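S.K.: quick one, fold the following:
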Amino acid sequence: MSRPNKTDEMKRLRELQEQLETAKVEQEKNSRKAKFPELLALALTAMKSNRERTWNIKKGSADNDTMAKLNEKVKTDGEAFVKAYRRIVRNDLKRWWGAELQKAYIQGAPDALLVFYLSDNPNETKPLAYALKKAADDYVRGWELLGKKNRKELSGPLDRVGNGALAVQILIEQLKAGGDKLQEVQAKILEITFADPIAALGQKNSESDGFTLGETLG
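M.R.: Residues are numbered from 1 along each chain as shown. Purely as a prediction, here's the structure:
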């Protein structure tokens, strides 16, 4: 029985090393994903601080000391979110974080959460945030047409499919597959009502590890 040559052994060792490195990277990413609830809590806190300050400015009843404290709280809470965002999301989890915020919005969170906390630089990501908001509104409206009006019961795109295929098309496919005449009619109504959103958002993601944030929203 011939022994494997050194070249084959080295090749196998390199393959094993690459597999271990890949597994290590994936494990680290999953560890950071698990911290999304922590990051979401910081985003909600920062958003509430901004709202409290805005409310006091509009009312004009807060004295200088109160406004100074409010300004300091906005600054502190904002910096805490940004620091955590850069530690947890970095560059490789932006799509997943966007889906997390979109899901929170679908389930009833204020749109400010999606618009201002999609990244650590909301001025750059506002166009994408508004596109994701519109897609989420279409998702919610599609279910409302079928009588499911409690937003907290909706799973959102993260649990269902890719963000690029936001629910309207999936919902139509589910209705068509049901085989019920009423469902067929509902599917046709949705196809007519959401012709444009379906064209723009109905691209299923081919990636195996998730989906592309704003895949066809450009």
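
S.K.: hey, let's count contacts and neighbours off CA atoms from now on
M.R.: Fine.

S.K.: and the residue nearest in space to the middle of the chain, what pLDDT?
M.R.: Taking Cα atoms, centre = their mean, the centroid of the chain lies closest to Ala99, which sits 1.2 Å from it. Note on Ala99: pLDDT of 81.

S.K.: low-scoring stretches of this structure, by residue?
M.R.: 1-4, 155-171, 178, 189-218 (pLDDT under 70).

S.K.: where do the strands of it begin and end?
M.R.: Secondary structure of the chain (DSSP state E): no strands present.

S.K.: can you give me the helices for the chain?
M.R.: Secondary structure of the chain by DSSP state H: the helices cover 6-33, 36-59, 64-88, 94-106, 111-116, 122-145, 168-178, 181-193, 195-201.

S.K.: deepest of the ones you listed, which one?
M.R.: Counting by mean count of other Cα atoms under 10 Å, helix 94-106 has the highest mean neighbour count of these, with a mean of 22.

S.K.: same for that one, what does it pack against?
M.R.: Under the contact criterion of 3 or more Cα pairs under 8 Å, 6 or more residues apart in numbering; DSSP states H and E, helix 94-106 touches helix 36-59, helix 111-116, helix 122-145.

S.K.: give me the distance from the shortest one to the chain's centre.
M.R.: For helix 111-116, the distance between its averaged C-alpha position and the chain's averaged C-alpha position is 11 Å (Cα atoms, centre = their mean, to the nearest Å).

S.K.: tell me what it is packed against?
M.R.: Using 3+ Cα pairs under 8 Å, 6+ apart as the contact test, the elements touching helix 111-116 are helix 36-59, helix 94-106, helix 122-145.

S.K.: so for Thr22, which of those sits nearest?
M.R.: The closest of the helices and strands packed on helix 111-116 to Thr22 is helix 94-106. By Cα to Cα, the value is 18.8 Å.

S.K.: I'm done for today, thanks for sticking with me.
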